[in-house]
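Asks: generate coordinates for the sequence data below:
(chains A and B)
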Amino acid sequence: MKEDKPIFIQQIEDYLSQNLDEIQRAAFEQQLEVHPELQKEVDDYRVLFDGLESYQRRKNLSAQLESFHQEMTKTTILSVTSQVAKPQPRQFFLTLKKYSPNLLVAASVAILAIFTTIWVLDDSVRSIEQKQKSYFLSLRRDINKVKQKQEKLAKDQKISQDPKPVREYGATAFVISSNGYLVTNYHVVKDADSIYVESTKDKTSLSFKVENIYSDPAKDLAVLRITDPDFIGFAELPYTIRGEEANLGEDVFTLAYPRQEMVYGEGSISAQSGYRGDTLTYQISIPVNPGNSGGPLLDAQGNLIGIVVGKHLAMDGAAFAVKVKHLKADLDSLALNTDMPPILIPKSSHIQFLKRPEQIDLLKDFVFVVRVYNGKE
Amino acid sequence: MSESEYHFELKWVEQIRQGDSGALKKLYKDNYPSIAHFVLNNSGTDTEAKDVYQESIIVFYEKIQNPAFQLNCLVKTFLYSVARRLWFKRLSEKNRYVGKITDYEDFVDFSEAETENIHEGEERFRQMEQALEQIGEPCQTILKDFYIHKHSMQEIAEKMGYTGTDNAKTQKYKCLQRLKKLFFKDYSFKA
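Replies: Below is the predicted model:
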């Protein structure tokens, strides 16, 4: 048939895009009347051209929407990190931070006597580029450093000064209210010059500047609030705070950032009191590493039951988590003493009937890396 | 919806219709949380929430290009209703539909024809994308350059190494013919 010839398609296109002059058009329309199969051909091309046009419109629109999305979730940390002087030899710093002076003395005595020490997590610079292997080696080396420091501490109760101008710490924080409140450990954010929370969401990194709005050194808890003007709010929290105390032997899990990627850890409640009978905390059998501090401890239904704080050095697999009721008390007193937007916690967990990977999939957006920059220390 | 609200919405819609990218951005940012919330709480992931959301914005955008389109609810409600329709479909395609959908906003229940209409744009887009993919080179480049990137035939002739615009044109029409075949192969099947 004629329409197999390119010239014919050209005519159809010219006709459809109204590029024919009057005489040509009249001639073409006459053809259409005589050849009904030509009319069908024209109709098909009309659909095709419409399709191409809306394809093109859609492509442009999608690109535009994607740029809005990027802008909405853009990362602001980049400008900050470029100013930060990174510690040059990529080594692991461990300094000892304290729960309380009593605990410190107890800990130092203990280490001298029976090599037992409590090592509070995450007061270490997490070097991202470092390979896991060297990570562990340097970790060992730094434990010795801690021992020496503890001996020194026992004498003068002062933390040794580090010559490095700016230090960077990493730990974990999690969202406690969709309108921008997060919780972490006090020892993570104390002495901070500036604090950021970061996470990776579908390959785009989210980063928000936060401020520490409430500190509870005794329980080692801190509440952070996002101050970033670009922040629009998180989705509704999938978890809630569990009212009753956790039972011995209960299955629990945590999500945290001991390295750049989120790490899942599971275990159970191994004691209802923590280090040396400390009733503020649970002892949990979850392997934890520096950076786990501030991670949420959740029960099998995905209810919040605690906040991971530290681990026992001389005992394998013994970590500690502050009981959530202390966080609840802190949030209540924060609510009383502030005119900031209220902290809203859902009444029930949305994830209680889900399988673990599904629970984690929903939870992961609520767990962040905390980056603490400190120029003083 | 009160009259002033309605008036305000219409003005906003008009701005978007005329290609005001600031108005579109505001629309995008304002409505994302509620729809993301809906998808995330109905067994969706972030990426899925984003996809469904962007698709509903596109549906809305395409709708308002038609001057006959009447907005009879808030834009927010419209977007949410479209998003939830789209999400139902994706859930059922993935066999993840669990029978219970939790809603968080008011929504309009679309008629079957309207629902069909919501999915149509996306389907046609996919068909065109597939057809363009199957057509192979040099056709894909020529057609995309001409119809999508709006390059002139002369530019295309130079880029592809044709001796003249006429040769490029002939090639273009051959490609168009192939594209038509591929496009309608699926199209008629679905119609």
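Asks: after the longest strand anywhere in chain A comes which helix or strand?
Replies: Secondary structure of chain A per DSSP state E: the longest strand is strand A:204-216. The helix or strand immediately downstream of strand A:204-216 is strand A:221-226, counting by DSSP states H and E.
Asks: what helices or strands is the longest helix along chain A leaning on?
Replies: If each helix of chain A is counted by residues according to DSSP state H, the longest one is helix A:36-72. Using 3 or more Cβ pairs under 8 Å, 6 or more residues apart in numbering or on different chains; DSSP states H and E as the contact test, the elements touching helix A:36-72 are helix A:6-16, helix A:22-34, helix B:21-40, helix B:46-65, helix B:112-134, helix B:165-190. In this view, the C-beta of every residue, glycine as well, is placed from N, C-alpha and C.
Asks: flag every buried residue along the helix or strand bottoming out on mean pLDDT in chain B.
Replies: When the helices and strands of chain B are compared on mean pLDDT, DSSP states H and E, helix B:165-190 comes out lowest with a mean of 78. Neighbour counts over helix B:165-190 (16 or more other Cβ atoms under 10 Å in any protein chain shown) mark B:165, B:168-180, B:182-184, B:186-187 as buried.
Asks: next one: stretch B:131-143
Replies: B:131-132, B:134-135, B:138-143.
Asks: ok, now stretch B:146-154?
Replies: For stretch B:146-154, by 16+ other Cβ under 10 Å, it's B:146-148, B:151, B:153.
Asks: can you narrow these to ones near chain A?
Replies: Restricting the buried residues of stretch B:146-154 to those near chain A by Cβ under 8 Å from any Cβ of the partner chain leaves B:147-148.
Asks: give me the lowest-pLDDT entry from the buried residues of stretch B:146-154.
Replies: Looking at the buried residues of stretch B:146-154, model confidence by pLDDT dips furthest at B:Ile148: 81.
Asks: which residues touch that residue?
Replies: B:Ile148 makes contacts with A:52, A:55-56, A:59, as judged by Cβ atoms under 8 Å, 6 or more residues apart in numbering or on different chains.
Asks: one more time with 6 Å, if that's ok
Replies: Residues near B:Ile148 by Cβ atoms under 6 Å, 6 or more residues apart in numbering or on different chains: A:Gln56.
Asks: can I get the helices and strands packed on helix A:36-72 in TSV with distance to A:Lys325?
Replies: What follows is the helices and strands packed on helix A:36-72, written out as TSV (distance: least, Cβ to Cβ, whole Å):
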stretch	distance to A:Lys325
helix A:6-16	72
helix A:22-34	81
helix B:21-40	28
helix B:46-65	32
helix B:112-134	48
helix B:165-190	59
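Asks: just the closest of the buried residues of stretch B:131-143 to B:Phe88, please.
Replies: B:Ala131 (27.3 Å; Cβ to Cβ).
Asks: wait, doesn't that closest one sit right on B:Leu182?
Replies: Yes - contact criterion Cβ atoms under 6 Å: B:Ala131 and B:Leu182 qualify, at 4.0 Å.
Asks: on that earlier part again, does chain A sit close to the least confident helix or strand of chain B?
Replies: Yes - contact of helix B:165-190 with chain A is found when judged by Cβ under 6 Å from any Cβ of the partner chain, involving B:170, B:173-174, B:176, B:180, B:183.
Asks: swap in stretch B:121-128?
Replies: Yes - using Cβ under 6 Å from any Cβ, stretch B:121-128 comes into contact with chain A via B:124-125, B:128.
Asks: got a markdown table for these, with neighbour count, distance to B:Ser56 and pLDDT too?
Replies: Listed next are those as a markdown table, based on neighbours: other Cβ atoms under 10 Å in any protein chain shown; distance: Cβ to Cβ, whole Å; pLDDT from 0 to 100:
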| residue | neighbour count | distance to B:Ser56 | pLDDT |
| --- | --- | --- | --- |
| B:Arg124 | 20 | 16 | 84 |
| B:Phe125 | 19 | 14 | 87 |
| B:Met128 | 25 | 20 | 86 |
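Asks: got phi/psi on A:Thr172?
Replies: phi -120, psi 150 (degrees, to the nearest 10).
Asks: partners of it in the sheet?
Replies: Assessed by DSSP bridges, A:Thr172 has beta-bridge partners A:Val369.
Asks: got the contact list for it?
Replies: By Cβ under 6 Å, 6+ apart, the contact set of A:Thr172 is A:256-257, A:294-295.
Asks: if we go to 8 Å?
Replies: By Cβ under 8 Å, 6+ apart, A:Thr172 lies in contact with A:122, A:184, A:255-257, A:291-295, A:308, A:367-370.
Asks: list the buried residues in the helix or strand containing B:Leu10.
Replies: Assigned by DSSP H and E, B:Leu10 falls within helix B:3-17. Across helix B:3-17, burial judged by 16+ other Cβ under 10 Å covers B:9, B:12-13, B:15-17.
Asks: checking A:Leu255 next. Helix, strand or coil?
Replies: strand (DSSP: H, G, I helix; E, B strand; the rest coil).
Asks: just the pLDDT for residue 33.
Replies: Picked chain A for this. For A:Glu33, pLDDT reads 82.
Asks: that was the other one, I meant chain B.
Replies: pLDDT, B:Pro33: 87.
Asks: count of neighbours near it?
Replies: Neighbour count for B:Pro33, taken as other Cβ atoms under 10 Å in any protein chain shown: 18.
Asks: for it, which non-adjacent residue is spatially closest?
Replies: Spatial nearest neighbour of B:Pro33, chain neighbours left out: A:Gly233 (5.5 Å); criterion: Cβ to Cβ, 6 or more residues apart in numbering or on different chains.
Asks: now do the SS call for the one you found.
Replies: Going by three-state DSSP: A:Gly233 is coil.
Asks: tell me the contacts of it?
Replies: Shown in contact with A:Gly233 (Cβ under 8 Å, 6+ apart): A:178-180, B:33.
Asks: quick one: which of the residues you listed is most hemmed in?
Replies: Result: A:Gly180 is most packed of those (other Cβ under 10 Å), 22 neighbours.
Asks: thought that one was touching A:Val223?
Replies: No - using Cβ atoms under 8 Å, A:Gly180 is not in contact with A:Val223, being 10.9 Å away.
Asks: distance between the ends of stretch A:294-313?
Replies: This stretch, stretch A:294-313, spans 18 Å end to end (Cα to Cα, to the nearest Å).
Asks: buried ones in it, by neighbour count?
Replies: Quick answer for stretch A:294-313 (16+ other Cβ under 10 Å): A:294-299, A:301-313.
Asks: same question, stretch B:91-111
Replies: Neighbour counts over stretch B:91-111 (16+ other Cβ under 10 Å) mark B:91, B:97, B:105, B:107-108, B:110 as buried.
Asks: wait, which of those is closest to A:Leu331?
Replies: B:Glu105 (28.0 Å).
Asks: now the closest one, what's its secondary structure?
Replies: coil.
Asks: so what's B:Arg90 up against?
Replies: So B:Arg90 contacts B:44, B:48, B:52 (Cβ under 8 Å, 6+ apart).
Asks: closest one of those to A:Gln283?
Replies: Nearest to A:Gln283 among these is B:Gly44, at 37.2 Å by Cβ to Cβ.
Asks: what is the neighbour count of that closest one?
Replies: When neighbours are counted by other Cβ under 10 Å, B:Gly44 registers 22.
Asks: report the secondary structure state of the nearest residue to it once chain neighbours are set aside.
Replies: Spatial nearest neighbour of B:Gly44, excluding adjacent residues (Cβ to Cβ, 6+ apart): B:Trp87 at 6.7 Å. Classification of B:Trp87 by three-state DSSP places it in helix.
Asks: one step back: mind putting the contacts of A:Gly233 in CSV, distance to A:Val210 included?
Replies: Listed next are the contacts of A:Gly233 as CSV, based on distance: Cβ to Cβ, whole Å:
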residue, distance to A:Val210
A:Ser178, 15
A:Asn179, 13
A:Gly180, 8
B:Pro33, 19
